[in-house]
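>>> predicted model and sequence follow; I will ask about them next.
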Amino acid sequence: MFNLMRNLFGPLDKNSCNYFLMISVIFFISLLIFFISELIYLVKNFDKLNFKLISGGLIMLFNLFLAYFVNRLLYTMCNKSLS
């Protein structure tokens, strides 16, 4: 019973920090893809732009950057605390 509790709720090793690294990479790639696609859309449809479209794109870029930064920060904290 004690082994089960230790396995389920015990501390994790340093390899578990790789979760934050993978999520950070995924968000960074998403950020780049969205930025490039948004830039292409803005160039192609320059005459049809409105404030709602531009602000929505900027909010999405900020959210992706924030998710990337938070996961990168968590990865750094996890690595430093378990070293």
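Received it, and whenever you're ready, just let me know what you need. Everything numeric in this text was worked out from a predicted model, so none of it was measured.
>>> now residue 21: how far from residue 3?
According to C-beta to C-beta, to the nearest Å, residue 21 and residue 3 sit 29 Å apart. For glycine as for every other residue, the C-beta is placed from the backbone atoms N, C-alpha and C.
>>> who has more neighbours out of these two?
residue 21 (16 against 8; other C-beta atoms under 10 Å).
>>> how about the helices in the chain?
Using DSSP state H, the helices of the chain run over 2-9, 18-44, 51-82.
>>> so can I have CSV of these showing mean pLDDT?
Below are these laid out as CSV (pLDDT from 0 to 100):
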stretch, mean pLDDT
helix 2-9, 84
helix 18-44, 95
helix 51-82, 94
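>>> and residue 28, how many neighbours?
17.
>>> number of nearby residues for the residue lying closest to it once chain neighbours are set aside?
Excluding its sequence neighbours, the residue lying closest to residue 28 (C-beta to C-beta, 6 or more residues apart in numbering) is residue 68, at 4.9 Å. By the criterion of other C-beta under 10 Å, residue 68 has 20 neighbours.
>>> do the same with residue 79
Using other C-beta under 10 Å, residue 79 has 14 neighbouring residues.
>>> these two touch, right, it and residue 13?
No: judged on C-beta atoms under 8 Å, residue 79 makes no contact with residue 13 at a distance of 11.7 Å.
>>> I'd like to know how far residue 9 sits from residue 49.
For residue 9 relative to residue 49 (C-beta to C-beta), the value is 52 Å.
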